[in-house]
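[1] From the sequence below, what's the structure:
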Amino acid sequence: MMTQLPPWLTTPWAQWNQTLYPKGHAYLLSAPKGIGIEQFVAFAVQKALCQQPTEQGACQQCQACHLQQSGQHPDYYHLTRLEDKKEISVDQVRGLVGKLNETSHQGGYKVIWIEGIERLNQSAFNALLKTLEEPAAQTLFLLTTHDIGRLPETIKSRCQLINFPPPVLPDAIRWLQQALPNMDAPLIKRALRLNWGAPQDALAWIEADKMAEDAQWKSGLKQLQAGQKTVSQVVAEWLKWSSPVSVFDYFYLWSVSAVRSVTYAEAFQANALPAEQRVQLQNWLAFQQATLQAKQYWLKNANKELVLETLCLEWLEVQQNTTTFQSTFESNLQKGKLA
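    Numbering: from 1, shown residues only. You can find the predicted model right below:
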């Protein structure tokens, strides 16, 4: 059986049923990661394939619904990046196009979900264009992306664009509290902040016991400030994590909180912030940018240990510095000093 849509997707689903579907053959669904766009697609696919759809969605009872629920519907095609590849290849697209030229097995729609459409390489985009321009009758394309800026205009212009905004914080909190009734509210809020407001990512973060990782990050910084551990020792612990790149999100959230604490102050609102605090605010903002820059280098070819050690040292400097802070990341990395 289909699960219930999260509350922030119920309005888009109602709009889909009332005004959007089936007025086109290709829809581009742009959504932040972790809000459940995959569930929305599942609902849309099942309604399109259903033999007796209602205004609310699929009937859940017909043969087509049972086939889709069991993952065996012959007219449904799901195209995504292969596990060991970085891109969706032109061969994958050509294979899909070949299948679409065949007659529908059930006599209804052929439905295609291309997950992560931005991951198509250029040849794959080109192979898809003609099919998007001249699709066979009763063919429905659902293209999803978390990064619409990477898509060529030729793809976007051939689809109806639907944007899915992230849920508002109260809705996300309530959903997580229902999923985790014994979880403390402050932890739920922190999980959401560390996962950029994405409720499903926040849920996965909590269920994977990432709060212990978060606590270790905080403990390491306290020990570093107290002189109980060296930068190398602290970073060595972080590098043992399954996904050490999370460190950058923790540092970024710290910088956001530091900036917020000043900008919400009455003195800031009255433009009466002391000179020393103004410098500190500028330093926190500069560190925030340094964190983003450091993460980009981490994701490329820089020495990962050295990147974290440098960011850690800069965090210490920002804590103690009363003069203007200058990050080494952009200049030194460009010169190859952290490579």
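[2] I'd guessed Phe251 sits against Thr291; true?
    Yes - Phe251 is within contact range of Thr291, at 4.7 Å (criterion: CB atoms under 8 Å). (Each C-beta comes from the backbone N, C-alpha and C, glycine too.)
[3] now the strands for this structure?
    Remark: strands assigned in the chain by DSSP state E are 26-30, 76-79, 110-115, 139-145, 160-163.
[4] would JSON lines of the ones you listed with distance to Glu213 be doable?
    Below are the strands of the chain laid out as JSON lines (distance: least, CB to CB, whole Å):
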{"stretch": "strand 26-30", "distance to Glu213": "30"}
{"stretch": "strand 76-79", "distance to Glu213": "32"}
{"stretch": "strand 110-115", "distance to Glu213": "28"}
{"stretch": "strand 139-145", "distance to Glu213": "29"}
{"stretch": "strand 160-163", "distance to Glu213": "32"}
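[5] Distance to Gln18 and mean neighbour count for the ones you listed - can I get that in a markdown table?
    Listed next are the strands of the chain as a markdown table, based on distance: least, CB to CB, whole Å; neighbours: other CB atoms under 10 Å:
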| stretch | distance to Gln18 | mean neighbour count |
| --- | --- | --- |
| strand 26-30 | 15 | 22 |
| strand 76-79 | 24 | 18 |
| strand 110-115 | 20 | 22 |
| strand 139-145 | 17 | 22 |
| strand 160-163 | 13 | 14 |
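[6] could those be laid out in CSV, adding mean pLDDT and distance to Gln60?
    Below are the strands of the chain laid out as CSV (pLDDT from 0 to 100; distance: least, CB to CB, whole Å):
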stretch, mean pLDDT, distance to Gln60
strand 26-30, 96, 22
strand 76-79, 96, 16
strand 110-115, 96, 17
strand 139-145, 96, 19
strand 160-163, 94, 24
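[7] Overlap in contacts, Phe251 and Thr291.
    Leu311 (CB atoms under 8 Å, 6 or more residues apart in numbering).
[8] Tally up the residues packed near Pro165, please.
    11 (other CB atoms under 10 Å).
[9] before we move on, the earlier item: out of the strands of the chain, which is closest to Asn301?
    Nearest to Asn301, of all the strands of the chain, is strand 139-145, at 26.2 Å by CB to CB.
[10] from the chain's centre, how far out does the closest one sit?
    Relative to its chain's centre, strand 139-145 lies at 19 Å (CA atoms, centre = their mean, to the nearest Å).
[11] Quick one: list the elements packing against that strand.
    strand 26-30, helix 37-49, strand 110-115 (3 or more CB pairs under 8 Å, 6 or more residues apart in numbering; DSSP states H and E).
[12] and the angle from that strand to strand 110-115?
    If you take axes from the mean of the first three to the mean of the last three CA atoms, to 10 degrees, strand 139-145 sits at 10 degrees to strand 110-115.
[13] Direction included, what does strand 139-145 pair against?
    strand 26-30 (parallel), strand 110-115 (parallel) (DSSP bridges).
[14] among those, which is nearest Asn163?
    strand 26-30 (5.2 Å).
[15] Need the residues that contact that closest one.
    Taking CB under 8 Å, 6+ apart as the rule, strand 26-30 contacts 20-21, 37, 40-41, 117, 132, 135, 140-146, 148, 151, 155-156, 158-164.
[16] number of nearby residues for Pro7?
    15.
[17] looking at the strands paired with strand 139-145, which is closest to Gln280?
    strand 26-30 (37.7 Å).
[18] Using CSV, write down the CA coordinates of the closest one.
    Below are the C-alpha coordinates for strand 26-30, written out as CSV (Å, rounded to 0.1, in the frame of the first residue of the first chain):
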residue,chain,number,x,y,z
ALA,A,26,6.9,16.0,-19.4
TYR,A,27,7.1,17.5,-16.0
LEU,A,28,10.3,18.8,-14.3
LEU,A,29,10.0,18.5,-10.5
SER,A,30,12.6,20.7,-8.8
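[19] and Tyr76, bridged to which residues?
    Val111.
[20] Verify the stated contact: it with Ala44.
    No - contact criterion CB under 8 Å: Tyr76 and Ala44 do not qualify, at 11.3 Å.
[21] Show me the shaky parts of the protein.
    For the chain, the stretches with pLDDT under 70 are 1-3, 265-273, 330-339.
[22] Can you spell out the domain ranges of it, please?
    Under the assignment automatic domain parsing, the domains of the chain span 7-163, 209-334.
[23] Let's have those domains in JSON lines, adding distance to Gln200.
    Listed next are the domains of the chain as JSON lines, based on distance: least, CB to CB, whole Å:
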{"stretch": "domain 7-163", "distance to Gln200": "5"}
{"stretch": "domain 209-334", "distance to Gln200": "14"}
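[24] To Asp201, which of those lies closest?
    Short answer: domain 7-163, nearest of those by CB to CB, at 3.3 Å.
[25] so how far does that closest one reach from one end to the other?
    End-to-end distance for domain 7-163, by CA to CA, to the nearest Å: 16 Å.
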